[in-house]
Structures are given as structure tokens and as C-alpha cells.
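Trainee: model this:
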Amino acid sequence: MDSDGARGGERDREDAELIFQGVERQAELVRTGKTTSRALVEAALRRITRLDPALGAFRVVLAEQALAEADARDEGKAAGPLHGVPIAVKDELDVAGQVTGFGGAANHTPMTADSEAVRRLRAAGAVIIGKTTMPEFGQWPYTESEAHGHTRNPWDTTRTPGGSSGGSAAAVAAGLVGAALGGDGGGSIRIPAACCGLFGLKPQRGRVSTAPNPHLWYALGTVGPLTRTVRDAALLYDVLAGTTATDRWSARPTTDGWVRALETPPGRLRIGYSAKPAVPGVRPHPEHVEALLETVRALRELGHDVREVNPRYPDATAPFAAQFCGGVRAEADAVERPDRLERRTRSTLALARLVPESAVERGIRAGERLAERVDRMFTTMDLLLTPVIAARPRAVGALDGAGLLTALARSRPMVAYTALWNVTGHPAASVPAGHGADGLPLAVQLVGRSDDEVTVLRVAAQLEAVRPWAERRPQLSAP
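Mentor: The predicted structure is shown next:
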């Protein structure tokens, strides 16, 4: 190798080491003068340029703006806990000066202001480096679209990273950024976290603002980060938690500090576990069941009382479907060029227009009743442990040529454990649990009581301490 190649290889290794540090460590390096925001952003941009052609994680990269923002961070005083750190944002969230594409090509006018979540990131000192890919309107657990093609899993680029926050997950897992914002309306943070070996917490409904929109798919959707570590997730929720007067839902405050809450051990907890899906007719992959049982053993060694349970899951199909239809319809009705919507989306809309707004509201109220039923499960346990997805991440192209019914059928194994908790609003997290024989990550889901993200985070942090998943990284080569 010549000297230029050697220097290039060394720089690649240095860039990777810097980005894989995660957001808390990156902010500390900037704060203590050991690096600069510009150096962080340049490292991320080099990795995006080199590796994203093989992944398709970014819809748009804001190179010039991010560098200018980084320079401003370096010239000013520390603005907050994310000072100088580059972060990516899912395409359904507004970024000032950029089109909100919702994964498609039906909008073309840039937004004039940041969404509230993005505003909070910037107020905490973060640098927005780009917008990540998603399926159109986040309808599917596969990140594929006619407008932007296939997004690929960094652990195996022939496989899906899941969805709908698959671009955000692929970007973090590949070390293009330390963290990225996603959204979860049926599992869209947890599913890609499971596929890509990340930690992904769907918070309690109303924990994070969806402003300027009053809701995200009505009561189903939440905004939250994908990160490599539990502590980074807690740090980001310290920044993101809170709502505005325009938000339809607002969660009950439960902590004075998410990172600070991790300092207190959870104590001995009653944890129920079950491999039973909440969607009938779906069977979990044997490796997912074994990952569940391995986690049971780890939790018992940590001192918890862990017992198998047989949950009587309520049927959430009707309240989910009503809000899914209402949410996609609301987003599609606001686009500038409806003629550019995908054929499959137009089929969804034809169905959605048969669902009146009154039915959507009935679905919300039905979900609230289901939440009360589920709450009774938590009188005998503190947490519920399940798989995250039923099937292994499938080959990319899951949506190629698929109409609405086929896409729905192919989605069922991916949402069989996750969508119920969107209907009820409970916090739930995807926690890494090793790797399968195919080399792709395994994961388990921790579900908490209403408003009890803290217990989920504390137990996830315990599991992370005994099996530190962030030490393993995908070996991705430039195309």
C-alpha cells in the first residue's frame, strides 16, 4: 500500500473510532477541547461519502450547512449536552430549509422552521447533518420506496434494516452518525433497532412533541432516537422530553433527569416473559425464542424474579387499523403533488377514505380501553419481556411489486410483538441480544407500565453491562 493509501486507511480508522464513541462521549470530547465540532462533522461526512452508497441511509446530506453549524458551535460557548454533535433526522420530521418528504417524492417546498424535536436538538447544541430514508409515510417495516430505492442493513447489505426508521438505524449501526431520530407508529423504532443491533426505546405516548403536528398517526405515533447505548438514549430523552400547547397528547412527567435516573439500580423486579405474539397466526423464529430464554437467564443472574406468563393480549386490530388509515390519509392530504404518490400508497388511501374521522376517534377511545386492560397485567409484574420481531430480517426487495394486501401480509411477522404497544401507548424498547447464525443481530423487547420508561431503561442498562453489545461493529466496506 502506498503512503497515501496508508494515510487514508488510518484516517478511516480514526473517523470510525470517533463516530462509534456515541453522542455523550463526542460531546465530552468537544467540551474538553480534545476535538472540535467541525472535526466530528467532517469525520461523519467522510464516512457517509464512503459508505452510504452501499446503504442508502440518507435521503439528503446537509454537508455545507452542517459544517457551517459546526463552525458556529466551535466559536460559541457550549450550548448544551449535545454541543457540536452531528445527528441525523428521519424524513418525516421538519428541518428548516429542507423538504419533508415522508419517504416519497410528493413534496417539493422546503420547510421554514424546524419541528419541535429538531429545535430541541439544536438548542442542546446538536448539528443536523442530514435526513434519513423511510418508506412512504412510514407505512411498512421495510425501508424501501420508489423515490429512494432500498435501504440496506450494515450487518449484511443483502438484508433489510427494518422500518420505518430504517435509514436512521442503518446510519447509526454503520457509524455514520452517533445517533439519529426516528418515529414509531407500529414498531418503527424498535423493529429497525432489532434488525441493526441498536437500542431503541419507544417512549410513552406524548413523551416527545410531534409539533408542529398535533399528533403522529393520532395516538399511535411517537418520536424518539436510535442509539448504540442505553445511556445515549437517556441523554437524548433528557433533551427531547416535553410537549407544547399544540400537542394532542402529553405524558405524565416521571423523572428529573433520564441519565440521572440510570444511576439508581432498579432493585429486584418481577419480570414476566412470553414468546407468544400479540398477533395470531404468527410463529417466532427459533433463534428469537432462544434469545428470549438467554435474556431470562441473564435477568435471573442479575437477581430479578423472572417467570413465564401467558398474556391475554387484547385484539388491537381495529383501533390500530383505524388510526393507521387516518394517519396516512392526513399526511397524504397535505402533500403538494398527490399524483406522485406510490401506487401502493394510493391503494392505502382508497381504503382510508372509507374510514370516517368518527371511526378514527372511536379507534382512539378503544385503544384507551385496551390500555386499561393491559395495565391490569402489570399488577403482577413490573416488566414484560418478549421478542421484538417474529422473523429474521428478510432480503431487500420485500415491497418490490407488492400491492397493498401483499405488503400487509409481509409486514405481519415484523409487527406481531410491537404494534399493540402503540395502540395502548405503553413504553417499550428493543434491547440487543447477540447475533444469529446468519450474522444479523438478535433482540428482545422490554415493555413497561404506563409512563415508566425509567424502569425499562434501568433494566436495559443492566443487560448492557453484562453483555456490552456496542463493542461489536458491522464490517462494512465501501462499494
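Trainee: Could you use CA atoms for every contact and neighbour count after this?
Mentor: OK.
Trainee: could you check the distance from the nearest residue to residue 418 once chain neighbours are set aside over to residue 441?
Mentor: For residue 418, ignoring the flanking residues on the chain, the nearest one in space by CA to CA, 6 or more residues apart in numbering is residue 187 at 5.0 Å. Taking CA to CA, to the nearest Å as the measure, residue 187 falls 17 Å from residue 441.
Trainee: Have a look at those two and say which one is more surrounded.
Mentor: Between residue 187 and residue 441, counted using other CA atoms under 10 Å, residue 187 has the larger neighbour count: 36 against 21.
Trainee: give me every residue that touches that one.
Mentor: Each residue near residue 187 by CA atoms under 8 Å, 6 or more residues apart in numbering is listed here: 141, 202, 415, 418, 419, 422.
Trainee: ok, how many other residues are close to the closest residue to the last one other than its chain neighbours?
Mentor: Spelled out, it's residue 422. Using CA to CA, 6+ apart and skipping residues adjacent in sequence, the residue nearest residue 422 is residue 220, 4.7 Å away. Residue 220 is surrounded by 26 other residues when neighbours are defined as other CA under 10 Å.
Trainee: Give me the three-state assignment for residue 220.
Mentor: Here residue 220 is coil, with the state taken from DSSP: H, G, I helix; E, B strand; the rest coil.
Trainee: got it, and residue 444?
Mentor: Taking three-state DSSP as the rule, one finds residue 444 in the strand state.
Trainee: Check the contact between it and residue 417; I expect there is one.
Mentor: No - the pair formed by residue 444 and residue 417 falls short of the contact definition of CA atoms under 8 Å, at 10.0 Å.
Trainee: list the residues that contact both of the two?
Mentor: Where contact means CA under 8 Å, 6+ apart, the residues bridging residue 444 and residue 417 through contact with each are 386, 387, 388.
Trainee: who wins for most neighbours among those?
Mentor: Scoring those on neighbours with other CA under 10 Å, the highest-scoring entry is residue 388 at 34 neighbours.
Trainee: show me the contacts for that residue.
Mentor: Applying CA under 8 Å, 6+ apart to residue 388 gives the contacts 190, 191, 194, 414, 417, 418, 430, 443, 444, 445.
Trainee: mind putting these in TSV, distance to residue 327, neighbour count and pLDDT included?
Mentor: Written out in TSV, the entries for the contacts of residue 388 read as follows (distance: CA to CA, whole Å; neighbours: other CA atoms under 10 Å; pLDDT from 0 to 100):
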residue	distance to residue 327	neighbour count	pLDDT
190	20	35	99
191	20	33	98
194	25	30	98
414	20	28	98
417	21	25	98
418	18	30	98
430	24	32	98
443	28	30	98
444	28	26	98
445	25	29	99
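Trainee: now, which of the residues you listed lie within helices?
Mentor: For the contacts of residue 388, the ones inside helices are 190, 191, 194, 414, with DSSP state H as the criterion.
Trainee: What residues does the first one make contact with?
Mentor: The one in question is residue 190. Remark: with contacts taken as CA under 8 Å, 6+ apart, residue 190 is in contact with 184, 199, 200, 201, 202, 388, 418, 429, 430.
Trainee: change it to 7 Å
Mentor: When contacts are counted by CA atoms under 7 Å, 6 or more residues apart in numbering, residue 190 is found next to 200, 201, 202, 429, 430.
Trainee: Would you confirm that the last one contacts residue 447?
Mentor: To tie it back to what came earlier, the one meant is residue 430. No - because the distance of 9.1 Å does not satisfy CA atoms under 7 Å, residue 430 is recorded as not touching residue 447.
Trainee: what's around the spatially closest residue to residue 296 that is not a sequence neighbour, how many residues?
Mentor: Computed as CA to CA, 6+ apart, the closest residue to residue 296 that is not its neighbour in sequence is residue 306, at 6.6 Å. A count of neighbours around residue 306, defined by other CA under 10 Å, yields 21.
Trainee: Determine the three-state secondary structure at the closest residue to residue 429 other than its chain neighbours.
Mentor: Once its chain neighbours are removed from consideration, residue 429 has its nearest residue in residue 201; the separation is 4.0 Å (CA to CA, 6+ apart). Under three-state DSSP, the three-state class of residue 201 is strand.
Trainee: what does residue 34 give?
Mentor: When states are read from three-state DSSP, the local structure at residue 34 comes out as coil.
Trainee: Tell me who's in contact with it.
Mentor: The contact partners of residue 34, by CA under 7 Å, 6+ apart, come to none.
Trainee: Identify, from the ones in helices among the contacts of residue 388, the entry nearest to residue 473.
Mentor: Distance to residue 473 across the ones in helices among the contacts of residue 388 (CA to CA) is lowest for residue 194, with 14.4 Å.
Trainee: so what's the residue positioned nearest the centre of the chain up against?
Mentor: Per CA atoms, centre = their mean, the C-alpha nearest to the average position across the chain is that of residue 189, at 2.5 Å. For residue 189, the contacting residues are 165, 182, 183, 200, 202, 226, by CA under 7 Å, 6+ apart.
Trainee: Which SSE is immediately downstream of the helix or strand of the chain with the lowest mean pLDDT?
Mentor: Counting by mean pLDDT, DSSP states H and E, the chain has its least confident helix or strand at helix 3-19, which shows a mean of 81. Per DSSP states H and E, the first helix or strand lying C-terminal to helix 3-19 is helix 23-31.
Trainee: what mean pLDDT does that following helix have?
Mentor: Model confidence over helix 23-31 averages 97 on the pLDDT scale.
Trainee: how many neighbours does residue 380 have?
Mentor: Using other CA under 10 Å, residue 380 has 11 neighbouring residues.
Trainee: Now it: phi and psi?
Mentor: phi -110, psi 0 (degrees, to the nearest 10).
Trainee: That one and residue 306, how far apart?
Mentor: Taken as CA to CA, the spacing of residue 380 relative to residue 306 amounts to 12 Å.
Trainee: Give me the nearest residue to residue 84, chain neighbours excluded.
Mentor: Nearest non-adjacent residue to residue 84, counting by CA to CA, 6+ apart: residue 37, 4.4 Å away.
Trainee: Revised request: answer the last question for residue 268.
Mentor: With CA to CA, 6+ apart as the criterion, residue 268 has its nearest non-adjacent residue at 4.9 Å, and that residue is residue 304.
Trainee: got it, and residue 156?
Mentor: For residue 156, ignoring the flanking residues on the chain, the nearest one in space by CA to CA, 6+ apart is residue 440 at 7.1 Å.
Trainee: Is the one you found in contact with residue 157, as I believe?
Mentor: No - under the criterion of CA under 7 Å, residue 440 makes no contact with residue 157, lying 10.5 Å away.
Trainee: the more surrounded of those two?
Mentor: Neighbours around residue 440 and residue 157, counted as other CA under 10 Å, are more numerous at residue 440. The numbers are 21 against 15.
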